[in-house]
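[1] predicted model, plus sequence, below.
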Amino acid sequence: MKILVTGGAGFIGTHLVRELLKRGHEVVVVDNFTLGKEENVNCFRDNSNYKFYNLDIAKGNEFWEALKEKKFDIVYHLAANSDIQKGSKNPSVDYNDTFMTTVNTLELMRRIGCKKLFFSSTSAVYGEKQELLSENIGDLKPISYYGGAKLASESFIQSYSFMNDFSTVIFRFPNVIGPNLTHGVIYDFIRKLQNNPNELEILGNGTQTKPYIYVFDLIDAIVKFTLDIDMLQGVEIYNAGVESATSVTTIADIVCEELGYKDVKYHYTGGNVGWKGDVPKFQYDLTKIHNVGWTASKTSDEAVRETVRYIKEHLNESSYNGWW
Ligand SMILES: NC(=O)c1ccc[n+]([C@@H]2O[C@H](COP(=O)([O-])OP(=O)(O)OC[C@H]3O[C@@H](n4cnc5c(N)ncnc54)[C@H](O)[C@@H]3O)[C@@H](O)[C@H]2O)c1
């Protein structure tokens, strides 16, 4: 198959591209390295089935012009500003990189006649809900610009899918972690401990508790729901997650334990959220995805520990130098 992956130089995109190439597909990646890294995709350069375009997808004309002669069987749209905290300081980041990249990707599909789409949405579309989050829950009120831009993207996807007979799968990811992650709490703690091994600043009161999915579990689900199972016309939304969850203090404990930092004094900045727009606690209802026959292999705590262990083993490699 001929496949387009937007945001394919990012954390999740790189793992997806590797899996698609392994399966023998032709993969075109578009990314502008705002958060993704060239080192992430250098390993694919010699593969004749791989092609890379360095383009800002938020600038529609350049993006459509570059790909206007292409034919794709499916588009995996992953490009976005994935750093909610960064976006909270400037709404235009999510307007451009999260929302406009979606609108422009949909428009590319309409113009070149591509009919299948996978979209990486997020738990942030739900906002702050007390109940178990199920896909058909109503009255969604995202509290971050990022969540708003993803929910607006989902709406545009609904209308483009209806108007153009697309078959679309939307996954609402929880926190995704694993090798090569580009940001987030684990990344943040390791960076802080490298700078000061005696004290760790923890945003909020440490009780923020969310599900963390291991990236290889997620890739397994994406591939299953888009390539192994026939995609039906219309839009199907799934919570793709794990049943368990991990608190921020537990993540700090695991990081210190695995990296051998002893007697670290935790300094909490206070309040029940890390920053305005952060959702402190949530848990998914996973009935829908489980009923189709997919369950994550790792619990949330296992995913955290596995990620920290991977980082520990690779800390001295050049690809991690850019982190700190
Ligand atoms: N990682 C998570 O915990 C998580 C959770 C929920 C949803 N998601 C979603 O999954 C997708 C992938 O996330 P990730 O963690 O791999 O993030 P990432 O930042 O590593 O990857 C996103 C990629 O998109 C690219 N990009 C951003 N704006 C662009 C633009 N205007 N033009 C071209 N490329 C652009 C970035 O350079 C980056 O390589 C994103 O859509 C994100 O919102 C991620």
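    Nice, thanks for sending it over.

[2] what are the ranges of the helices in this protein?
    Counting by DSSP state H, the segments of the chain that form helices are 11-22, 38-42, 60-67, 84-87, 91-94, 101-112, 145-164, 185-195, 215-223, 248-259, 287-291, 300-314.

[3] out of those, which gets nearest to the ligand?
    Smallest distance to the ligand across the helices of the chain (C-beta to the nearest ligand atom): 3.5 Å, for helix 11-22. Just so you know, the C-beta spots here come from the backbone N, C-alpha and C atoms, and that holds for glycine as well.

[4] what residues does this structure put near the ligand?
    7, 9-13, 30-36, 56-58, 78-82, 97, 101, 120, 122, 173, 175-176, 182 (C-beta under 6 Å from any ligand atom).

[5] which PyMOL command selects the buried ones in the residues you listed?
    Remark: buried members of these, expressed as a PyMOL selection using 16 or more other C-beta atoms under 10 Å:
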select buried, resi 7+9+10+11+12+13+30+31+32+34+35+36+56+57+58+78+79+80+81+82+97+101+120+122+173+175+176+182
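
[6] show me the residues of the chain next to the ligand that map onto strands.
    Val30, Asp31, Ser120, Thr122, Phe173, Asn175, Val176 (DSSP state E).

[7] give the contact list for the third one.
    Going back to what we said before, that points to Ser120. Gly7, Ile12, Tyr76, His77, Leu78, Ala80, Phe171, Phe173 (C-beta atoms under 8 Å, 6 or more residues apart in numbering).

[8] ditto for the second one
    Going by C-beta under 8 Å, 6+ apart, Asp31 touches Thr6, Gly7, Gly8, Ala9, Gly10, Gly13, Val41, Phe52, Tyr53, Asn54, Leu55, Ala79.

[9] and the fourth one, by the same measure?
    When contacts are counted by C-beta under 8 Å, 6+ apart, Thr122 touches Tyr146, Gly147, Lys150, Arg172, Phe173.

[10] please apply the same query to the first one.
    The contact partners of Val30, taken as C-beta under 8 Å, 6+ apart, are 4-8, 52-53, 55, 57, 63, 66-67, 79.

[11] show the buried residues in these.
    Here, 16+ other C-beta under 10 Å leaves Leu4, Val5, Thr6, Gly7, Gly8, Phe52, Tyr53, Leu55, Ile57, Phe63, Leu67, Ala79 buried among the contacts of Val30.

[12] no further questions, thank you.
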